[in-house]
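**Student:** got a predicted structure here, sequence first:
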Amino acid sequence: MPYVHDTLEALRKSSPAQTEFYQAAEEVLECLRPLFERSPHYLDHNIIERIVEPERQIMFRICWTDDAGKVRVNKGYRVQFNSALGPYKGGLRFHPSVTSGTIKFLGFEQIFKNALTGLPIGGGKGGSDFDPKGRSDGEIMRFCQAFMSELYRHIGPTTDVPAGDIGVGAREIGFLYGQYKRLTGRYEGVLTGKSLNWGGSIGRKEATGYGAVYFAENMLEARGETLAGKTCLVSGAGNVAIYTIEKLHELGAIPVSCSDSRGTLHDPNGIDLALLCELKEVQRTTLEAYLAQHPEARYIPAGDYPADGHAVWRLQGDVAFPCATQNELTEADAETLLGNGVTCISEGANMPSTAAAVDRFLAAKIAYGPGKAANAGGVATSQLEMAQNSSMEQWPLEKVDAKLKAIMANIHQQCAETAAEFDDPTNLVLGANIAGFRKVADAMIEQGVC
Ligand SMILES: NC(=O)C1=CN([C@@H]2O[C@H](COP(=O)(O)OP(=O)(O)OC[C@H]3O[C@@H](n4cnc5c(N)ncnc54)[C@H](O)[C@@H]3O)[C@@H](O)[C@H]2O)C=CC1
Ligand SMILES: O=C(O)CCC(=O)C(=O)O
């Protein structure tokens, strides 16, 4: 199909260094080929070229002062990708690896993820190459204030509502919110993931991890299985990984691993969650410290990982939850997982599997839930936070969790039904991309050329 080929070629030429964005765009556009054959009007409206181009990209300088009095400079980004379905919505990532291409890939994925939730939210993402590791609370606060000093003029509760992502949790959202309030004088739902004390939603911090587990349950249920008793491999040790592990314990599964950028922890008895939270959320230290209380566990430093992949995927398990970062699961990892009998993968992270790894999972016809479907529980609950803010209500946990469960089940159903409609019933990647795209594209057509 020339349109898909031409658009990808144009992207490759116009954004040669944005390899992650290209990877995300290629997956979506390749999945759309059968849709364009059946519904060529999407091509007549040139949705394909319009949807890969962000509506707006903001890049800015962030100057702040460290504890030693030295002035530091970082780059800041906000990509407002697509507002056909609602205000731009998506997190902020603070990590030294962040480039404009990283934020563009995340913003692009967010369009389809947000569409799948069925809620009125468009796609956006932002962040900075700032490295929070080893910084004091004072430095984090000054950085967040400097970041918001530019961002505040581009966001608002009905225009663009950022939230957290890697390196941005409750502490950072608090500092960002304080600065927004100071600059605008407005107390409004401009950020989500806020503290429960002042406008946050019960259940938001747990939502991405819980949602990824609910999605795994939905996939397994469709195959007549459950999570109970299954050994689960989890990567990451941040917000998404921690609440994935918590929900797995609750459902009688055995989460046996977690990881950070320095190493992987394997505890065959099941990860001690209280200790993990103490190490990562309070002490903010390495996973190796876990061994002092659990000598039966094993720590694999990143320097000892296999050259072609990640130690966490070489462990024995039944179900895998990649919850750290993009492209953390390679083709060789996928082969190992399949060889070890893994039958279900639910992605808590965004695009954690390389394109070749995804191809392996699809060819094996295992239950594979791509990030844009499986981790949509976080942004969905953010929208529930927006709804509570605008009605000045606070809903109980039971209400939020029931809605989250229903949203995840609905996303699974849409993906499965769309995959079946396009004659590839186990391919939830195809289902997610077509189902998400159709909603956004239909809205774009109805709203005219704008
Ligand atoms: N927080 C949220 O609500 C949502 C997060 N996600 C995705 O989930 C993933 C994890 O995000 P969070 O848990 O929120 O972040 P976090 O900052 O709380 O934790 C990230 C974890 O991943 C590890 N990590 C980060 N970069 C790494 C690298 N290059 N190599 C190895 N490990 C690395 C960190 O050490 C940390 O343990 C990301 O892909 C994020 O985009 C997706 C949907 C919503
Ligand atoms: O809660 C949100 O608005 C965004 C969450 C997020 O960044 C994501 O879904 O990747």
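**Tutor:** Looks like it came in fine. Ligands and ions are numbered 1, 2, ... in the order given.
**Student:** quick one: secondary structure of the closest residue to residue 412 other than its chain neighbours?
**Tutor:** Of all residues not flanking residue 412 in the chain, residue 218 sits nearest, at 3.8 Å (CB to CB, 6 or more residues apart in numbering). All C-beta spots, glycine's among them, are computed from the backbone N, C-alpha and C. Three-state assignment for residue 218 (DSSP: H, G, I helix; E, B strand; the rest coil): helix.
**Student:** my read: residue 218 touches residue 406, true?
**Tutor:** No: the pair residue 218 / residue 406 is not scored as a contact, 11.1 Å apart, by CB atoms under 8 Å.
**Student:** for ligand 1, give me its nearest residue in the protein.
**Tutor:** Per CB to the nearest ligand atom, residue 238 is where the chain lies closest to ligand 1, at 1.8 Å.
**Student:** next, the contact list for that residue, please.
**Tutor:** 166, 169, 260, 280, 323-324 (CB atoms under 8 Å, 6 or more residues apart in numbering).
**Student:** give me phi/psi at it?
**Tutor:** Per-residue torsions, residue 238: phi -110, psi -150 (degrees, to the nearest 10).
**Student:** which sections of the stretch 1-150 of the chain are below the confidence cut-off?
**Tutor:** 1 (pLDDT under 70).
**Student:** get me the contact residues on it for ligand 2.
**Tutor:** Contacts of the stretch 1-150 of the chain with ligand 2, taken as CB under 6 Å from any ligand atom, map to 89-91, 110, 113.
**Student:** 8 Å instead?
**Tutor:** 89-93, 106, 109-110, 113-114, 121, 125 (CB under 8 Å from any ligand atom).
**Student:** list just the nearest of the residues you listed to ligand 2.
**Tutor:** residue 91 (2.6 Å).
**Student:** tell me the phi and psi of that closest one?
**Tutor:** Dihedral angles for residue 91 - degrees, to the nearest 10 - are phi -80, psi 180.
**Student:** intersect the contacts of residue 238 with the contacts of ligand 1.
**Tutor:** Within those, those near ligand 1 by CB under 8 Å from any ligand atom are 166, 169, 260, 280, 323-324.
**Student:** tell me where the stretch 101-250 of the chain has strands.
**Tutor:** 122-128, 160-164, 231-234 (DSSP state E, counting those that start in this stretch).
**Student:** need the three-state assignment for the nearest residue to residue 103 once chain neighbours are set aside.
**Tutor:** Leaving aside its chain neighbours, residue 103 sits nearest to residue 77 (4.5 Å; criterion: CB to CB, 6+ apart). State at residue 77, reduced to three classes by three-state DSSP: strand.
**Student:** which residues are in contact with residue 77?
**Tutor:** Here residue 77 is in contact with 57-60, 98, 100, 103, 126-128 (criterion: CB under 8 Å, 6+ apart).
**Student:** list buried residues within the residues you listed.
**Tutor:** 57-58, 60, 98, 100, 103, 126-128 (16 or more other CB atoms under 10 Å).
**Student:** adding distance to residue 226, write those out as a markdown table.
**Tutor:** Output for the buried ones among the contacts of residue 77, formatted as a markdown table (distance: CB to CB, whole Å):
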| residue | distance to residue 226 |
| --- | --- |
| 57 | 44 |
| 58 | 45 |
| 60 | 48 |
| 98 | 38 |
| 100 | 43 |
| 103 | 38 |
| 126 | 38 |
| 127 | 37 |
| 128 | 41 |
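**Student:** and those, which is closest to residue 187?
**Tutor:** Taking CB to CB as the measure, residue 126 is the one of the buried ones among the contacts of residue 77 closest to residue 187, at 21.6 Å.
**Student:** just checking, what packs against the longest helix along the chain?
**Tutor:** For the chain, the helix that runs over the most residues, judged by DSSP state H, is helix 397-421. Using 3 or more CB pairs under 8 Å, 6 or more residues apart in numbering; DSSP states H and E, the elements in contact with helix 397-421 are helix 100-116, helix 204-221, helix 371-374, helix 377-391, helix 428-446.
**Student:** distance of the residue nearest to residue 145 when sequence neighbours are not counted from residue 147?
**Tutor:** Leaving aside its sequence neighbours, residue 145 sits nearest to residue 179 (CB to CB, 6+ apart; 4.4 Å). Note on residue 179: its distance to residue 147, by CB to CB, to the nearest Å, is 8 Å.
**Student:** these two: which has the busier surroundings?
**Tutor:** Between residue 179 and residue 147, residue 147 has the larger neighbour count (other CB atoms under 10 Å), namely 27 against 20.
**Student:** which of the ones next to ligand 1 among the contacts of residue 238 tops the neighbour count?
**Tutor:** Tallying neighbours with other CB under 10 Å puts residue 323 at the head of these, with 30 neighbours.
**Student:** what's the end-to-end length of stretch 351-371?
**Tutor:** Separation of the first and last residues of stretch 351-371 by CA to CA, to the nearest Å is 6 Å.
**Student:** so which bits of that stretch are buried?
**Tutor:** 351-354, 357-358, 360-362, 366-371.
**Student:** could you dump stretch 154-170 to PDB, C-alpha only?
**Tutor:** Extracted in PDB, the C-alpha atoms of stretch 154-170 (Å, rounded to 0.1, in the frame of the first residue of the first chain):
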ATOM      1  CA  HIS A 154       0.600  25.900  27.600                       C
ATOM      2  CA  ILE A 155      -1.600  23.800  29.900                       C
ATOM      3  CA  GLY A 156      -5.000  24.000  31.600                       C
ATOM      4  CA  PRO A 157      -7.800  21.700  32.900                       C
ATOM      5  CA  THR A 158      -9.600  21.800  29.500                       C
ATOM      6  CA  THR A 159      -6.600  22.100  27.200                       C
ATOM      7  CA  ASP A 160      -3.700  19.900  28.400                       C
ATOM      8  CA  VAL A 161      -3.400  17.900  31.700                       C
ATOM      9  CA  PRO A 162       0.000  16.400  32.400                       C
ATOM     10  CA  ALA A 163       0.600  13.600  35.000                       C
ATOM     11  CA  GLY A 164       3.600  11.400  36.100                       C
ATOM     12  CA  ASP A 165       5.700   8.900  34.300                       C
ATOM     13  CA  ILE A 166       9.300   7.800  34.900                       C
ATOM     14  CA  GLY A 167      11.000  10.000  37.500                       C
ATOM     15  CA  VAL A 168       7.800  11.900  38.200                       C
ATOM     16  CA  GLY A 169       5.700  10.700  41.100                       C
ATOM     17  CA  ALA A 170       3.700  12.300  43.900                       C
END
